[in-house]
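Colleague: prediction below, plus the sequence it came from.
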Amino acid sequence: MYVYDSLDKTLLNQRVAEFRDQVQRRLDGDLTEDQFKPLRLMNGLYLQLHAYMLRVAIPYGTLSSDQMRKLAYVAKTYDRGYGHFTTRQNIQFNWIELSTAPDLLYDLSEVDLHAIQTSGNCIRNVTADPYAGAAADELDDPRIWSEVIRQWSTLHPEFSFLPRKFKIAVTGSEADRAAIKFHDIGLKIVRNNEGVLGFAVYVGGGQGRTPIVAPLIKAFLPAPDLLRYLDAVLRVYNRHGRRDNIYKARIKILVDSMGADSFAAEVASEFNRLDPKLLSVRDDDVSRLRDMFAQPYLRPDPDSSSSFEDLVKKSPRLGPWFKSNAHPHKTPGYSIVTISLKPIGGIPGDATAEQMFGIADLADRFSLGEIRVTYTQNLILPHVRQADLFVLWQELERLNLATPNVGLASDIIACPGLDYCSLANARSIPISQRISERFANLNAQHDVGPLDIRISGCINACGHHHAGHIGILGVDKKGEERYQLTLGGQGNGESAVGKIVGPGFDEDGIVDAVETVVSTYLSLRTEGEVFSQTLARTGQDPFKERLYDNR
Amino acid sequence: MTIVNASGDVVEQGWTTVESLEGYGPHHGIIVSPAVLLDSFDEADHVSLSHTGVRLSVEDDVSEIAAYVPHLGLIELVFAQFKDGRPYSTALTLRRDYKFTHELRASGDVLPDQAIFLIRSGFSSVDVPDQFTAQEFKKSLMAYSVAYQSAHDSHVSLIDDLRRSTPDVAAE
Ligand code: HEM
Ligand code: SF4
């Protein structure tokens, strides 16, 4: 993992001190709320329906066990004993007192955590493939390049007041587990024909009220040119992005209105003006970072798999968990284990302080002290020996963290919605709880197979509903909470925007509708077909008929 | 009106902002709009231009006064709103593409907490808005002693993880 040196620490301490001063000026009445707002928003502090909410960055979704312990401590000390992991690989605390926020940030800084650039119209926390460093299909570790971007973008003098927020995601694998094409910039690590390392650059994706899958702007960018190219993209955006209408301010609108080709040409011309010496990232420059992220040696242990299979037979509950929650590691005999934060009927992404302490200990015992955060609001232990899986599973059961539902119907993504969010039209969390309960039978979920349900409480799409196989959007219809249903989105691997099926539903209706969609799929599917394949084959019509015919 | 320099210290204001040239000679140290500059000044008269400044709004296009830029004594970029960060990129362009080396001033809606971003982007002075004090700007400038990006200031040391092995940069 990246280890802060004294300069990184100095910067972080100075940020904490600056924020403490800003809060003090507000508490003393030297700053009005209007003057304070832009300052607190530069440090992840939102005023929500009931209290302040603090968003803490988890850079590229990587946490050490000590960092997790600190988050647990913060949840216990400053919040009501829990934290909420979000789709942005961040954690949010919902019940924060303004007067204690500076102490909270000071405590976090002791383990190199912070809230820098977790809100505001700046370059946000960079996200990456949660399997980084462990996946078999990886060309290069995306965390190295995410760290390069983190450093370059932190308190960037020129790019801290952009037209709108700016999100960058990096993957090093063919299978896209970071939804890169739904980001302002998506970077995919590739090699060209000569074997040179570089990036395919996608610019102008996003969700919100105008969901767009990002077009490819540059097919091959040599790795040393990464920052120079990002600098050029950001400058073109800062100059030309719209500032007259908040809904048209994201870079996706600029790319769309200029056309991908002329946008790329403008970036190229800016790129050529930049002095390569100032921003080039040479291979020897990143070698220090590469060493830091190098995975500690794991001794291949192929025998461990076969003995594990015997164990699976001993416990009928272990088998399904292994099937849905464990993924092959690049080292034989090891697994990448997903910890489900989606217990049946629970709040997606919530973890209690006790659970976080427990996960930290399990990471130390079984996963080299490493934890990852996924944008689907789950956690990952990336390096678990299969011989340890049985004990790990037992420990997770004890913490109520072993729900065998990763990638299945009850692994729902949901935004905070009307329970917390001041922008919401409708509640998200209770809907997700009711759907989860409707599918409580885990064997049935395994039978249904991969299914991605996503819920947003308004068109800002924090719950990624556009990219769910089944998407649910909360809308306000004459003061009543209603829910719109979309089908056919893809956010995992492929990227596609779902289409609205028909008129919306009320709270009971939407839960029934999801069940109807699933039973329709079950009646239509052919041998071995998963939901998204059936839908692609049949189109929406048979689903529409079942949903609306008997009305 | 209070002007602070790149170190946050108050400096004597040698410039007067005018709407038209009436009553001013060529060496008065006046700041004019781009329209007045284009109408009344000769781009080849480098001596007069060195006593002339221009103030640009966020909507003004620098390329329209390109021929004048390198010879102007001062350029003022007016922030329409502190949230509108276009002048940061304009500052960089002026320094880099137009090789502008004289005073580059930020004015309009700027916050003390933005001081360090302004100076690091290439501004060399700030016109402190009435509701703030020069001390607030100075304090904010001194809040950081380190930064990750090489930029247009001197009192901040670089966290140069990425550039440790790139000696050429030191020459910049
Ligand atoms: C409760 C406080 C929150 C507020 C006020 C809020 C506000 C917003 C707004 C206004 C947008 C639209 C931005 C735009 O398209 O220009 C947005 C987008 C988004 N938010 Fe949130 N959000 C909140 C919580 C969350 C949470 C908890 C998550 C993660 C679960 C999240 C993840 C996202 C994502 C992924 C997007 C889509 C970004 C895109 O369009 O590229 N937000 N949010
Ligand atoms: S989607 Fe809407 S309701 Fe949900 S968190 Fe975002 S802004 Fe709030």
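Modeller: Everything's here; your move. Ligands and ions are numbered 1, 2, ... in the order given.
Colleague: ok, the residue nearest to A:Ser99 when sequence neighbours are not counted - how many residues close by?
Modeller: The shortest distance from A:Ser99 to any non-neighbouring residue, by CB to CB, 6 or more residues apart in numbering or on different chains, is to A:Leu27 (6.3 Å). C-betas here are computed from N, CA, C, even on glycine. Neighbourhood size, A:Leu27 [other CB atoms under 10 Å in any protein chain shown]: 13.
Colleague: again, but for the one 5 residues further on
Modeller: Using other CB under 10 Å as the criterion, A:Thr32 is surrounded by 9 other residues.
Colleague: phi, psi for it please.
Modeller: Comment: the main-chain dihedrals of A:Thr32 come out as phi -80, psi 170, following degrees, to the nearest 10.
Colleague: look up how far A:Arg235 lies from A:Glu266.
Modeller: If you measure A:Glu266 against A:Arg235 using CB to CB, to the nearest Å, the figure is 10 Å.
Colleague: the more surrounded of these two?
Modeller: Of the pair A:Glu266 and A:Arg235, A:Arg235 is the one with more neighbours under other CB under 10 Å, namely 22 against 18.
Colleague: in what helix or strand does that one lie?
Modeller: Element membership of A:Arg235, judged by DSSP states H and E, is helix A:226-240.
Colleague: contacts for that helix next, please.
Modeller: Helix A:226-240 is touched from outside by A:123, A:145, A:148-149, A:152, A:158-159, A:162-163, A:166, A:168, A:185, A:187, A:199, A:201, A:203, A:217-218, A:221, A:251, A:254, A:258, A:263, A:266-268, A:270-271, A:274, A:276, A:278-281, B:85-86, B:88-89, B:92, B:162, with contacts defined as CB atoms under 8 Å, 6 or more residues apart in numbering or on different chains.
Colleague: that helix - what's its average pLDDT?
Modeller: Mean pLDDT, helix A:226-240: 96.
Colleague: can you get me a residue count around A:Arg299?
Modeller: For A:Arg299, the neighbour count with other CB under 10 Å is 9.
Colleague: so what's it up against?
Modeller: With contact set as CB under 8 Å, 6+ apart, A:Arg299 has no partners.
Colleague: any idea how far it is from chain B?
Modeller: Using CB to the nearest CB, to the nearest Å, one gets 31 Å for the distance from A:Arg299 to chain B.
Colleague: any stretches of chain A with poor pLDDT?
Modeller: Residue ranges of chain A with pLDDT under 70: A:305-307, A:550-551.
Colleague: write out the residues of it neighbouring ligand 1.
Modeller: Of all the residues in chain A, those in contact range of ligand 1 (CB under 6 Å from any ligand atom) are A:46, A:48, A:86-88, A:92, A:164, A:167, A:206-208, A:250, A:415-416, A:420-421, A:423, A:460-462, A:464.
Colleague: buried members of those into ChimeraX, please.
Modeller: Selection of buried members from those for ChimeraX, criterion 16 or more other CB atoms under 10 Å in any protein chain shown:
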select /A:46,48,86,87,88,92,164,167,206,207,208,250,415,416,420,421,460,461,462,464
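Colleague: among the residues of chain A next to ligand 1, which are located in strands?
Modeller: Among the residues of chain A next to ligand 1, the subset assigned to strands under DSSP state E consists of A:46, A:92.
Colleague: how close does A:Gln151 sit to B:Val36?
Modeller: For A:Gln151, the distance to B:Val36 (CB to CB) stands at 44 Å.
Colleague: do A:Leu522 as well
Modeller: 75 Å.
Colleague: compare neighbour counts for the two and give me the winner.
Modeller: B:Val36 (17 against 14).
Colleague: for that one, grab phi and psi.
Modeller: In this entry, B:Val36 is assigned phi and psi values of phi -60, psi -40 (degrees, to the nearest 10).
Colleague: so it sits against B:Thr17, correct?
Modeller: No: checked against CB atoms under 8 Å, the pair B:Val36 and B:Thr17 is beyond contact range at 11.1 Å.
Colleague: and A:Ala214, helix, strand or coil?
Modeller: coil (DSSP: H, G, I helix; E, B strand; the rest coil).
Colleague: could you find the closest non-adjacent residue to it?
Modeller: A:Gly205 (3.0 Å).
Colleague: how many neighbours does that neighbour have?
Modeller: A:Gly205 has 25 neighbours, counted by other CB under 10 Å.
Colleague: over to the one 5 residues further on?
Modeller: The tally of other residues near A:Thr210 (other CB under 10 Å) stands at 16.
Colleague: can you tell me how far A:Leu381 sits from A:Ser456?
Modeller: According to CB to CB, A:Leu381 stands 29 Å off from A:Ser456.
Colleague: OK, contacts around the residue of chain B found nearest chain A?
Modeller: Closest residue of chain B to chain A, CB to the nearest CB: B:Gly85 (2.8 Å). By CB under 8 Å, 6+ apart, the contact set of B:Gly85 is A:121, A:158-162, A:238.
Colleague: kindly recompute the last result at 6 Å.
Modeller: For B:Gly85, the contacting residues are A:161, A:238, taking CB atoms under 6 Å, 6 or more residues apart in numbering or on different chains as the criterion.
Colleague: for it, phi and psi?
Modeller: Geometry field for B:Gly85 lists phi and psi as phi -90, psi 10, criterion degrees, to the nearest 10.
Colleague: for A:Thr127, same thing?
Modeller: Main-chain dihedrals, A:Thr127, degrees, to the nearest 10: phi -110, psi 160.
Colleague: roughly how far apart are A:Asn460 and A:Asn425?
Modeller: Following CB to CB, the distance that separates A:Asn460 from A:Asn425 is 10 Å.
Colleague: touching, A:Leu104 and A:Tyr78? I think so.
Modeller: Yes: A:Leu104 lies in contact with A:Tyr78 (CB atoms under 6 Å); the separation is 4.8 Å.
Colleague: which of these two has more residues huddled nearby?
Modeller: Under the neighbour definition other CB under 10 Å, A:Leu104 and A:Tyr78 were set side by side, and A:Leu104 has more, 22 against 17.
Colleague: just give me the neighbour total for A:Pro130.
Modeller: Residues lying near A:Pro130 (other CB under 10 Å) number 26.
Colleague: likewise A:Gly259?
Modeller: 11.
Colleague: where along the stretch 251-400 of chain A do the helices fall?
Modeller: Using DSSP state H, counting those that start in this stretch, the helices of the stretch 251-400 of chain A run over A:251-258, A:260-273, A:276-279, A:283-293, A:302-314, A:318-325, A:353-366, A:389-398.
Colleague: and these: which comes nearest ligand 2?
Modeller: Each of the helices of the stretch 251-400 of chain A was scored for nearness to ligand 2 using CB to the nearest ligand atom, and the closest is helix A:251-258 (16.9 Å).
Colleague: and the residue nearest to the spatial centre of chain A, what does it touch?
Modeller: Residue closest to the average C-alpha location in chain A (CA atoms, centre = their mean): A:Tyr375, at 2.3 Å. For A:Tyr375, the residues meeting the contact criterion (CB under 6 Å, 6+ apart) are A:87, A:89.
Colleague: swap in A:Ala467?
Modeller: Residues in contact with A:Ala467 (CB under 6 Å, 6+ apart) are A:489, A:491.
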